[in-house]
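Visitor: Here is a sequence with its predicted model. Questions after.
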Number of protein chains: 2
Amino acid sequence: MKLIALALLLASPLLAFDSSIEVHPDRSVTFRYAAPKATEVSLSGDFGKAGPMTKDDDGTWSVTVGPLVPNLYSYTFSVEGKTVADSLNGRFKPQRTGFSNVLNVPDDKPSVWDRQPVGHGTVHLHEYDSKATGSVRRLRVYTPPGYDAVRTSVYPVLVLLHGSGDNEATWTEFGRAHDILDNLIAQGKAVPMIIAMLDGHTVPPVPRDSPKAAEVRAKNVENFERDLLGDALPLIDATYRTRTDREGRAIIGLSMGGNQSLTIGLNHMDLFAWVGGMSSAIREPETQLAPFWKDVARANSQLKLLWFACGKDDFLLADNQRLDALLTEKNVNHTYVTTDGAHAWPVWRRHLAQFAPLLFR
Amino acid sequence: MKLIALALLLASPLLAFDSSIEVHPDRSVTFRYAAPKATEVSLSGDFGKAGPMTKDDDGTWSVTVGPLVPNLYSYTFSVEGKTVADSLNGRFKPQRTGFSNVLNVPDDKPSVWDRQPVGHGTVHLHEYDSKATGSVRRLRVYTPPGYDAVRTSVYPVLVLLHGSGDNEATWTEFGRAHDILDNLIAQGKAVPMIIAMLDGHTVPPVPRDSPKAAEVRAKNVENFERDLLGDALPLIDATYRTRTDREGRAIIGLSMGGNQSLTIGLNHMDLFAWVGGMSSAIREPETQLAPFWKDVARANSQLKLLWFACGKDDFLLADNQRLDALLTEKNVNHTYVTTDGAHAWPVWRRHLAQFAPLLFR
């Protein structure tokens, strides 16, 4: 009788598993989703392509991916093409719309994006009325450890921008920018700095394949530049103890945000002496950087650093190689780094950990 | 030909609607979700019961609810019992697990929870190592307008707690506590104060009908009290310019958080002179408040305010009436308010707007 009760217990779909993700010792990961009535359940994530999910007798769909390189990954389950919430996972990645859940594949020792027993900074949320867009916008500001203790120091500012699927919360909640800086600062590898994380979206979304997509992208960079320079930076400079000289300001972003950081940064060497990009979606560098090319003779004296990186499996690799070639042709000092990885957040955490130590030295 | 093209355009499922929610002039709201292959789609939200959704010829499911009282509401669509993301709505309510989307039904004039053209405070995010729980925990701190400008002022502290389905982000992202205080302060109706919004969960979740539920709830209050008093408040007092006298500290929460605020507040009159609860899940006031009842003679001299409220349609109404009766029987000065509404966030925004003006006077 006891055996039957146990068998019933184990067969109950409610008790079949209590976590949707299981990280195995070899760092392969099994994902599970209970949907007895569904005809198709699939998994996607920033770990590359997952195979098809299969349904077992109690209605649990599962698939195993990897082994994965230690990092944080996002994933979503879809039932018949619709994104569904993973109710067994409280960690999520903020996105422009909807959200993904988060999977941690830990390394044997702590990674630079893991919270470690060091001094911690604070992340501040602001909502502000943007004159540039005529709307209420959000930004997050990181102040480094010690910011509140020593009230006379002023700090350099890194503007850190997200990608097209993200919002102003993604670099902290999922990118762990605050942990990366806490750790680098504690190790003496980066100087204490303030980080400004803006919302990179200033126009309503259009589908990627829309005939208006290029025009809308250009409009977004233009609006965003006016918001950053006319609204957000003045708010930050008025609220925090910031350096406001060009050598105290850096800008970098990823993908869409890399296009914004390179375009705005290089066209405004008067404001930013440190400019970067990660997997940047910079499609028309000749026209977008027209003010920069016109003034390119100043670049080598004005820019303290021009650094950009792209993963070797990134679909934007050719665009980044083209920018590298253009800069080389014009004899502009710059560092272009090809790294492992595709167009995904595990790459950008590592890029930030490479870029931040180079700044404000 | 043009008519045919237009008809085709209108018939396309991709173009059938560009927003999932449509607020009509009478404040009834139509919800739409595209799922041609689904056999059942349903809607739930904190506006009470929605009728069944029906599918039209192009596969769009819809239902109309209301008219609704102006406020912010959360809602989720479910496909065959599984919560799905509304990809047409970027506004969401943070929850303990998963999320809901947010609907705004605006009033003719701005509500107290709406962002208005007044001075704005800042919300700060902290992650801290809690000795009480042995884990990393999160809290949010609101500092009022002017906090950074006048660096000599000290501010009273309101501890503001969420419900069982929420997390430390819910009171700002969805409850709009920062806007409520910005507006009340601008109107001179509340004194400038700091608000501490903690994560009220310190133990893993158990199902509501588990035989261990009561024990787990008690353990959670106990752990949470140790975290609040031993970890979170010391962190806040070390980081912000706070008053640390009992008359400079208030505590209130909703539902599970109302149980926490009443239990911790009344049992620690040495720490909190202002105590409140909203729709509080206080099930065993005799035993939970044992230290308070033992010392009840002190209550009328020590408590500057004991205020709690419950909506008349709330399933916890009887528990709140019972606490009211117990306090009356013991001659403890208190204010018990029965308001409109059920167990839902639209009620709690209004409760906070009623409670905050009473504090620190």
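Guide: Good, I have the coordinates.
Visitor: Could you tell me which residues of the stretch 1-150 of chain A lie near chain B?
Guide: Within reach of chain B by CB under 8 Å from any CB of the partner chain, the stretch 1-150 of chain A has these residues: A:35, A:37-38, A:79-90, A:92, A:96-99, A:115, A:117, A:120, A:122-129, A:136, A:148. The way it works is simple: take the backbone N, C-alpha and C, and place the C-beta from them, glycine included.
Visitor: change it to 6 Å
Guide: The interface of the stretch 1-150 of chain A toward chain B, taken as CB under 6 Å from any CB of the partner chain, is made up of A:37, A:79-80, A:82-85, A:87, A:90, A:97-98, A:115, A:122-125, A:136, A:148.
Visitor: Give me the buried entries from the residues you listed.
Guide: A:79-80, A:82-85, A:87, A:90, A:97-98, A:122-125 (16 or more other CB atoms under 10 Å in any protein chain shown).
Visitor: quick check, nearest of the residues you listed to residue A:44?
Guide: residue A:83 (9.0 Å; CB to CB).
Visitor: Leaving aside the residues adjacent along the chain, what's closest to the closest one?
Guide: Spatial nearest neighbour of residue A:83, chain neighbours left out: residue B:85 (4.6 Å); criterion: CB to CB, 6 or more residues apart in numbering or on different chains.
Visitor: just checking, the one you found touches residue A:84?
Guide: No: judged on CB atoms under 6 Å, residue B:85 makes no contact with residue A:84 at a distance of 7.3 Å.
Visitor: Let me see the ranges of the strands in the stretch 201-350 of chain A.
Guide: A:249-253, A:274-278, A:305-311, A:335-339 (DSSP state E, counting those that start in this stretch).
Visitor: how far is the third one from where the chain is centred?
Guide: If I follow you right, that is strand A:305-311. Chain-centre distance of strand A:305-311: 15 Å, with CA atoms, centre = their mean, to the nearest Å.
Visitor: for stretch A:276-284, same thing?
Guide: In terms of CA atoms, centre = their mean, the centre of stretch A:276-284 is found 13 Å from the chain centre.
Visitor: returning to that earlier point: among the strands of the stretch 201-350 of chain A, which is nearest residue A:52?
Guide: Closest approach to residue A:52 among the strands of the stretch 201-350 of chain A (CB to CB): strand A:305-311, 26.0 Å.
Visitor: what's the span of stretch A:272-290, first residue to last?
Guide: 17 Å (CA to CA, to the nearest Å).
Visitor: Buried residues of it, list them for me.
Guide: Buried-residue list, stretch A:272-290, by 16+ other CB under 10 Å: A:272-282, A:285, A:288-289.
Visitor: Could you check the pLDDT of the residue nearest to residue A:331 when sequence neighbours are not counted?
Guide: Sequence neighbours aside, residue A:300 is the residue nearest to residue A:331 in space, at 7.6 Å (criterion: CB to CB, 6+ apart). pLDDT, residue A:300: 94.
Visitor: Now, the residues of the stretch 1-150 of chain A next to chain B that are in strands?
Guide: Among the residues of the stretch 1-150 of chain A next to chain B, DSSP state E puts A:79, A:82-84, A:122-125, A:136 in strands.
Visitor: separation between the nearest residue to residue A:280 once chain neighbours are set aside and chain B?
Guide: Leaving aside its chain neighbours, residue A:280 sits nearest to residue A:258 (2.8 Å; criterion: CB to CB, 6+ apart). From residue A:258 across to chain B, the span is 22 Å (CB to the nearest CB, to the nearest Å).
Visitor: got it, and residue A:251?
Guide: Counting by CB to the nearest CB, the separation of residue A:251 from chain B is 23 Å.
Visitor: All set now, cheers.
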